[in-house]
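Novice: my questions concern the predicted model and sequence given below.
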Amino acid sequence: MENQIPEDSGTAGGGFWWLLQAISGALLILVLGLHMFAHHFVVEGGLRTYTDVLAYISNPLIFAIEIIFLLVVTIHAMLGLRAIIIDLEPGKGLLQLTNIGLSILGVLILAYGIWLALTLQSLAGN
């Protein structure tokens, strides 16, 4: 007999979330590759200095790529944590609490990351 979570256990849309995690994983490979290449392989010495980072992030295209990277990493991480918790077979109430908690955590991570990127971009303009 196969061990499955009942449909009414709070995992409705589970196939959608799995697909979203798979898509975010594929996108993560792409944006991580871009990030690694731009930050470590085309830079003399393999690392950018603080001044170099400010100049780099001031480019609107680079800024957008870094925000997309943050978004994809956050989505993938939150869905990964959710999948681990689902594997532990929590009750419906705990799963709903987990969904809410991970959603809040994801929004906070995105808000902080975007604030930090905007702060660095504004420092580059000075």
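Specialist: Looks like it arrived, so ask away.

Novice: excluding its backbone neighbours, what's nearest Leu79?
Specialist: Gln21 (4.0 Å; C-beta to C-beta, 6 or more residues apart in numbering). Every residue, glycine included, has its C-beta placed from N, CA and C.

Novice: tell me the contacts of that neighbour?
Specialist: For Gln21, the contacting residues are 75-76, 79-80, 83, by C-beta atoms under 8 Å, 6 or more residues apart in numbering.

Novice: which phi and psi values does it adopt?
Specialist: Dihedral angles of Gln21 (phi, psi; degrees, to the nearest 10) stand at phi -70, psi -40.

Novice: for this structure, what's the longest helix?
Specialist: When the chain is parsed with DSSP state H, its longest helix is helix 92-124.

Novice: could you list the low-pLDDT ranges of this structure?
Specialist: The model of the chain has pLDDT under 70 over residues 1-13, 126.

Novice: if we can go back for a sec, biggest separation within the contacts of Gln21, which pair?
Specialist: Spanning the widest gap among the contacts of Gln21 are Ile75 and Ala83, at 12.4 Å by C-beta to C-beta.

Novice: neighbour-wise, which of the two wins?
Specialist: Each of Ile75 and Ala83 has its neighbours counted (other C-beta atoms under 10 Å); Ile75 has more, 19 against 13.

Novice: my read: the more buried one touches Ile23, true?
Specialist: No. Judged on C-beta atoms under 8 Å, Ile75 makes no contact with Ile23 at a distance of 9.1 Å.

Novice: hang on, the earlier thing: from Ile75, how far off is the residue nearest to Leu79?
Specialist: 8 Å (C-beta to C-beta, to the nearest Å).

Novice: now swap in Leu20 and tell me
Specialist: 7 Å.

Novice: tell me where this structure has helices.
Specialist: Going by DSSP H, the chain shows helices at 14-36, 50-57, 60-87, 92-124.
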